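Undergrad: return a 3D structure for these sequence lines:
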Amino acid sequence: MKGVPAVRAQVQADALSVSFEAPLKEFVRLVRSAKAVMADRGAALSALQHAKADMEMRRGKLLKMRGVPGIKARSRDAQSRHSRAPVL
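TA: The predicted model follows:
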C-alpha cells in the first residue's frame, strides 16, 4: 500500500516534466531561429556596406580619371560602365 502514493507522485512528476519541457524546447528553437536570422541580416548588411565602399572607390577613380588630361575617352567610358555595373 505504501508504494501506490509513490507511483502516483512519480506519474504526476513525469506529466509535469513533459508539460514543462515542451514549451521550453519550443522557446529554445525560437531563440535559435532568431539568432540565425540576425546572423543572416548581419552578413547581408556587411556585404551591402562592402559593395557601397567599392562603388565609392570606383566612382572616385572615375572622377580622378576625368580630371586628368590626355586619357583616352574609351578608357574613361569603360571605367564608367564598370563603376555602374550592378552589385551582386
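Undergrad: now the helices for the chain?
TA: 3-67, 73-83 (DSSP state H).
Undergrad: can you flag the weakest of these by average pLDDT?
TA: Among the helices of the chain, helix 73-83 has the lowest mean pLDDT, at a mean of 62.
Undergrad: distance from the chain centre to stretch 8-18, please.
TA: Put simply, stretch 8-18 sits 42 Å off its chain's centre (C-alpha atoms, centre = their mean, to the nearest Å).
Undergrad: check stretch 29-45 too.
TA: That offset, for stretch 29-45, works out to 6 Å (C-alpha atoms, centre = their mean).
Undergrad: buried residues in it, which are they?
TA: Buried residues in stretch 29-45, counted by 16 or more other C-beta atoms under 10 Å: none are found. From N, CA and C alone the C-beta is placed, and that goes for glycine too.
Undergrad: output it as PDB - backbone C-alpha positions only.
TA: The C-alpha coordinates for stretch 29-45 follow below in PDB (Å, rounded to 0.1, in the frame of the first residue of the first chain):
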ATOM      1  CA  ARG A  29      14.000  26.600 -31.000                       C
ATOM      2  CA  LEU A  30      12.600  30.100 -31.400                       C
ATOM      3  CA  VAL A  31      15.700  31.700 -30.000                       C
ATOM      4  CA  ARG A  32      18.000  29.700 -32.200                       C
ATOM      5  CA  SER A  33      15.900  30.700 -35.200                       C
ATOM      6  CA  ALA A  34      16.100  34.400 -34.200                       C
ATOM      7  CA  LYS A  35      19.800  34.200 -33.800                       C
ATOM      8  CA  ALA A  36      20.200  32.600 -37.300                       C
ATOM      9  CA  VAL A  37      18.000  35.400 -38.800                       C
ATOM     10  CA  MET A  38      20.100  38.100 -37.100                       C
ATOM     11  CA  ALA A  39      23.300  36.500 -38.300                       C
ATOM     12  CA  ASP A  40      22.000  36.400 -41.900                       C
ATOM     13  CA  ARG A  41      20.900  40.000 -41.700                       C
ATOM     14  CA  GLY A  42      24.300  41.000 -40.300                       C
ATOM     15  CA  ALA A  43      26.100  39.200 -43.200                       C
ATOM     16  CA  ALA A  44      23.800  40.900 -45.700                       C
ATOM     17  CA  LEU A  45      24.400  44.300 -44.200                       C
END
